[in-house]
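1. Provided below for reference: sequence and predicted model.
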Amino acid sequence: MRYRGCEYTGKGITVAVIDSGINSADPRLKGHTVEGWHIQLGATGHALLGGDYSDENGHGTNMAAAVAVLAPEAKLVGVKIMDARLRTSADLMAAGIETAFRAGASVISLSLGTPNMGKALLLRDCCALAVENDAIVLAAAHPKGDRAYPADLPETVGVATHPDCPIEKFYYFAPHRFPRKQWGNLTAKFLTYGYEYTAGERGAFKGSGIATAYMAGRAACLREALPKDSAMNIIEVMRQVSLTPVPEIGYA
């Protein structure tokens, strides 16, 4: 990624991808340093960590590959909290966030979220701890602007994308900033749902989930470019270089 006239690759930065795991043998990740954890909840509700982070679905690997596009020299840590059907829970998300920053990740990517307000406080506590440890937490916003946690929390960067955006650019925002009645020209094409992938150097991706992964790669490059800046300062730089939606005209 180019920033202030120089190219950055995320060298020396650890990015955690909290998802369904990572297939380190995927050709898109050839030459990348990949490590990981598998988290399950025990009968008592405690998090149980294991070393098998293999991807049974492919979703997490796609997210990791997206991070690698923009940050090819970043270290990837797969935090597996989903099964083959992509089922998980807010408790596992919270455990994944804590595991990620304690493992040294300075960028944490979650291409998922929950609408459960009852778990918002739990997730906020974990995200706040991550920020205190100077980690940036990025999470996918709801594709229709409904509530989603941890994306809606003030400690995180909620990420969305617009179908007209080029693949290299994304904007992020708090979905609740614009009530549905104020969407105006954004209605029906505000956010796309999910993602698509086709063969090619970059592939064709859509949706807030894949945008989160790409933004995590960009955050890793900014962390490399600004090694002395705090997580909050990096987020402010991201605001400056990102696109912001304007209900009346689309985005600017």
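-> Looks like it came in fine. Just so it is clear, the model here is predicted, and its values are computed rather than measured.
2. V159 in helix, strand or coil?
-> Following DSSP: H, G, I helix; E, B strand; the rest coil, we place V159 in the strand state.
3. what about it, how many neighbours?
-> 28 (other Cβ atoms under 10 Å). For glycine as for every other residue, the C-beta is placed from the backbone atoms N, C-alpha and C.
4. What's opposite it in the beta bridge?
-> Bridge pairing for V159 (DSSP bridges) gives the partners A140, Y172.
5. ok, now which ones touch it?
-> Listed by Cβ atoms under 8 Å, 6 or more residues apart in numbering, the contact set of V159 reads L138, A139, A140, A141, A151, F170, Y172, S208, A211, T212, M215.
6. Return the distance of it relative to G12.
-> Counting by Cβ to Cβ, to the nearest Å, the separation of V159 from G12 is 23 Å.
7. next one: A105
-> A105 is 12 Å from G12, by Cβ to Cβ.
8. So between those two, which is more surrounded?
-> The neighbour comparison of A105 against G12 (other Cβ under 10 Å) goes to A105, with 29 against 13.
9. In what element of secondary structure is the closest residue to E35 other than its chain neighbours found?
-> Take E35 and drop its neighbours on the chain: the residue closest to it by Cβ to Cβ, 6 or more residues apart in numbering is V77, 5.3 Å away. Assessed by DSSP states H and E, V77 sits inside strand 75-80.
10. Please apply the same query to G217.
-> helix 208-225.
11. average pLDDT for that helix?
-> In this model, helix 208-225 has a mean pLDDT of 90.
12. helices or strands up against it?
-> On a contact count with 3 or more Cβ pairs under 8 Å, 6 or more residues apart in numbering; DSSP states H and E, helix 208-225 meets strand 2-3, strand 14-19, helix 59-70, strand 107-110, strand 136-140, strand 157-160, helix 231-241.
13. give me that answer again for 6 Å
-> Judged by 3 or more Cβ pairs under 6 Å, 6 or more residues apart in numbering; DSSP states H and E, the packing partners of helix 208-225 are helix 59-70, strand 107-110, strand 136-140, strand 157-160.
14. Run through the residues that contact the closest residue to R2 other than its chain neighbours.
-> Using Cβ to Cβ, 6+ apart and skipping the chain neighbours, the partner closest in space to R2 is Y8 (7.7 Å). Under the criterion of Cβ atoms under 6 Å, 6 or more residues apart in numbering, the contact list for Y8 reads M1, C221, E224, A225.
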